[in-house]
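Chemist: I'll drop the sequence and a predicted model, then ask my questions.
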Amino acid sequence: MATSKSVKQHKLRKIVASLSSKEGKGTEFISLYIPPKTPIDQIVATLKAESDSAEAKPESPRNIRERRREALKNVIQHLKLQKQIPENGLALFAGTFAASDLVNESVNVEELIPPEPITTYLYVVENHFDLEPLREMLRNPKVVGLISMDSKEASFGVLHGDRFEFIENITSGIPGKSGKGGSSQRRYERERDMSVTYFFHRIAEHAATDFLENHKVTALVLGGPGPTKHDFSAGDYLHYELKNSLIGLVDTQSAGKEGVREVLDKSSEIIKNMCAPEEKMVMQRLLTEMIKENGLASYGLDLVLKELEKGEIEVALVTDCTDMIEIVAMRKKCGQPKAKVVHKAEKAQTIQEMLSRPCEKCNAVEYEVEEKDIVDVLEDLASQTNATVEVISTESEEKAKLAALGGFAALLRYRPR
């Protein structure tokens, strides 16, 4: 099963948050970023040279040097077990810390295959992990197309992340409305309507070139003075991809270059909270199915888990802020697991209750306990029936609607009897 982009982003956020909370007692934490196709022997040789160089300059207390040496030794051993560096590269984070709050502090090596390729080799030793390359991957730069228009002119701009770029301005050559009367007035209005329609098609052609070919926008905002923008958006002018990407219409004072800036200023909240295209699409499908009499949709954690187990789900949806986890207690003697999905706030009490009861199979009371994020639980179940999991993470109207359903929903393959 291919992991969806939203799940990869969710897992990356979790790892970054976890590693951000770790802090060393000195310069003992190792962060290593390796680009794809880098020979492993070359990396090991470089790390050994780094170790020898650091030992020649003992700037840290002895205990810190020993902890750093142990971390580096573990990184080298970890790399020697790799056959090759994955196609997106490899990130390793090593140091003496507790891997979770369920285990004691020890030397740990966290391995991560990033969702985007690592482009530069980086080796950093500090009292914290260098996570900036990963944070950069989480900064999903929004590319938003902006149009300000009326019947006389249209201007185009694009927002790349936080950078605004004005593209072009076009004019229609259409004169203002005539004050003539009778048949001359009607003929003039017909000719003017034809000219406006032609201008609308020209705007759509420029939008397709500017926003689909040259800039690949993920969203579009349309603005301008008066009702012209509404007539344009309601008609069949825009390319279907741009029509589907239209996230808002705003009123401006101008349709020129200043108007594009005004569109940007007045739509800042819309843009800030806009959903990723794939999130928006799957949520629209869910809401459409929910209003049908026998729609292929369901919601609620318990129901979604049951339907995943039965193979009834095509896509499972979850928000990134449910704080639900699965506690798994594995009997050391017989290997029999018992698991329970609970809210994170109930973790300590749940573990205490699980460990207080002897195993029904072997009567043992010794357990190994681990914690699983609810998204991992959903993915494990989904992988057994080739279903997909989507995490709705953007602070948006779509996320608010899913949260109102309890944070869990699903698109079904068929309606169970």
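Modeler: Yes, it's here.
Chemist: quick one: least confident helix or strand in this protein?
Modeler: Comparing helices and strands within the chain by mean pLDDT, DSSP states H and E singles out helix 268-272 as the least confident, with a mean of 80.
Chemist: Residues contacting the helix or strand that comes right after that helix, please?
Modeler: Next in sequence after helix 268-272, counting helices and strands by DSSP states H and E, comes helix 277-290. Identification of contacts with helix 277-290 by C-beta atoms under 8 Å, 6 or more residues apart in numbering yields 4-6, 218-219, 245, 274-275, 295-297, 299, 315, 317, 390, 392-394, 396, 398-399, 401-402, 409, 411-412. For every residue, glycine as well, the C-beta is placed using N, CA and C.
Chemist: Tell me the buried residues in helix 277-290?
Modeler: Glu279, Lys280, Val282, Met283, Arg285, Leu286, Leu287, Glu289, Met290 (16 or more other C-beta atoms under 10 Å).
Chemist: burial count for the nearest residue to Pro416 once chain neighbours are set aside?
Modeler: Among residues not flanking Pro416 along the chain, Glu312 sits closest, at 5.7 Å (C-beta to C-beta, 6 or more residues apart in numbering). By the measure other C-beta atoms under 10 Å, the count of residues near Glu312 is 20.
Chemist: With Lys372 instead?
Modeler: 15.
Chemist: which residues sit in contact with the residue nearest to Pro416?
Modeler: Glu312 sits next to Leu412, Arg413, Tyr414, Pro416 when contact means C-beta under 8 Å, 6+ apart.
Chemist: Relative to Ala382, how far out is it?
Modeler: Going from Glu312 to Ala382 by C-beta to C-beta, to the nearest Å gives 12 Å.
Chemist: With Ser151 instead?
Modeler: Counting by C-beta to C-beta, the gap from Ser151 to Ala382 is 51 Å.
Chemist: The closest residue to Ser100 other than its chain neighbours: what secondary structure?
Modeler: Closest residue to Ser100 apart from its sequence neighbours, by C-beta to C-beta, 6+ apart: Glu371 at 6.3 Å. Using DSSP: H, G, I helix; E, B strand; the rest coil as the criterion, the local structure at Glu371 reads strand.
Chemist: Local confidence estimate at Glu371?
Modeler: On pLDDT, Glu371 comes in at 88.
Chemist: got it, and Gly24?
Modeler: 87.
Chemist: Burial check on the residue nearest to it when sequence neighbours are not counted, number of neighbours?
Modeler: The spatial neighbour of Gly24 that comes closest, neighbours along the chain excluded (C-beta to C-beta, 6+ apart), is Asn127 at 4.3 Å. Neighbours of Asn127 under the rule other C-beta under 10 Å: 14.
Chemist: just Ile271 next, same as before
Modeler: 16.
Chemist: List the residues that contact it.
Modeler: Lys142, Val144, Leu159, Ala219, Val221, Ile247, Leu264.
Chemist: Then Lys48?
Modeler: Ile76.
Chemist: Please repeat the previous calculation with a cut-off of 6 Å.
Modeler: Applying C-beta atoms under 6 Å, 6 or more residues apart in numbering, we find Lys48 in contact with no residue.
Chemist: next one: Ala204
Modeler: Contacts of Ala204 by C-beta under 6 Å, 6+ apart are Tyr237, Leu238.
Chemist: Which pLDDT value does the model give it?
Modeler: 97.
Chemist: for His128, same thing?
Modeler: 94.
Chemist: how far away is it from Pro114?
Modeler: As judged by C-beta to C-beta, His128 and Pro114 stand 19 Å apart.
Chemist: Asp193 now?
Modeler: Distance from Asp193 to Pro114, by C-beta to C-beta: 54 Å.
Chemist: Please say which of those two ends up with more neighbours.
Modeler: In this view Asp193 and Pro114 are compared by other C-beta under 10 Å, and Pro114 has more residues nearby, 18 against 11.
Chemist: thinking that one is in contact with Asn88, fair?
Modeler: Yes - counting by C-beta atoms under 6 Å, Pro114 does reach Asn88; the two are 5.4 Å apart.
Chemist: For those two, list the residues in contact with both.
Modeler: Contacts common to Pro114 and Asn88, judged by C-beta under 6 Å, 6+ apart, are absent.
Chemist: any low-confidence regions in the stretch 101-250 of the chain?
Modeler: 101-103, 140-141, 176-183 (pLDDT under 70).
Chemist: quick one, strands of it?
Modeler: 106-112, 122-126, 143-149, 153-160, 163-171, 219-224, 246-251 (DSSP state E, counting those that start in this stretch).
Chemist: could the ones you listed go into a markdown table alongside mean neighbour count and distance to Pro133?
Modeler: A markdown table is the format used below for those (neighbours: other C-beta atoms under 10 Å; distance: least, C-beta to C-beta, whole Å):
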| stretch | mean neighbour count | distance to Pro133 |
| --- | --- | --- |
| strand 106-112 | 16 | 10 |
| strand 122-126 | 17 | 7 |
| strand 143-149 | 27 | 21 |
| strand 153-160 | 23 | 20 |
| strand 163-171 | 14 | 21 |
| strand 219-224 | 26 | 26 |
| strand 246-251 | 16 | 30 |
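Chemist: Output those strands in CSV; the columns should cover distance to Leu19.
Modeler: CSV is the format used below for the strands of the stretch 101-250 of the chain (distance: least, C-beta to C-beta, whole Å):
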stretch, distance to Leu19
strand 106-112, 7
strand 122-126, 12
strand 143-149, 29
strand 153-160, 29
strand 163-171, 29
strand 219-224, 31
strand 246-251, 34
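Chemist: neighbours around the residue nearest to Ser100, how many?
Modeler: With other C-beta under 10 Å as criterion, Glu371 counts 15.
Chemist: how much space is there between it and Thr350?
Modeler: Separation of Glu371 from Thr350 (C-beta to C-beta) stands at 10 Å.
Chemist: What angle do strand 219-224 and the longest helix anywhere in the chain make with each other?
Modeler: Looking across the chain with DSSP state H, the single longest helix is helix 182-208. Inter-element angle recorded for helix 182-208 and strand 219-224: 150 degrees (by axes from the mean of the first three to the mean of the last three C-alpha atoms, to 10 degrees).
Chemist: so helix 182-208 versus strand 163-171, what angle?
Modeler: Going by the same axes, to 10 degrees, helix 182-208 makes 150 degrees with strand 163-171.
Chemist: got a list of what Gly259 touches?
Modeler: Counting by C-beta under 6 Å, 6+ apart, the residues that Gly259 touches are Ser148, Ser155, Thr252.
Chemist: try Val342
Modeler: Residues in contact with Val342 (C-beta under 6 Å, 6+ apart) are Thr350.
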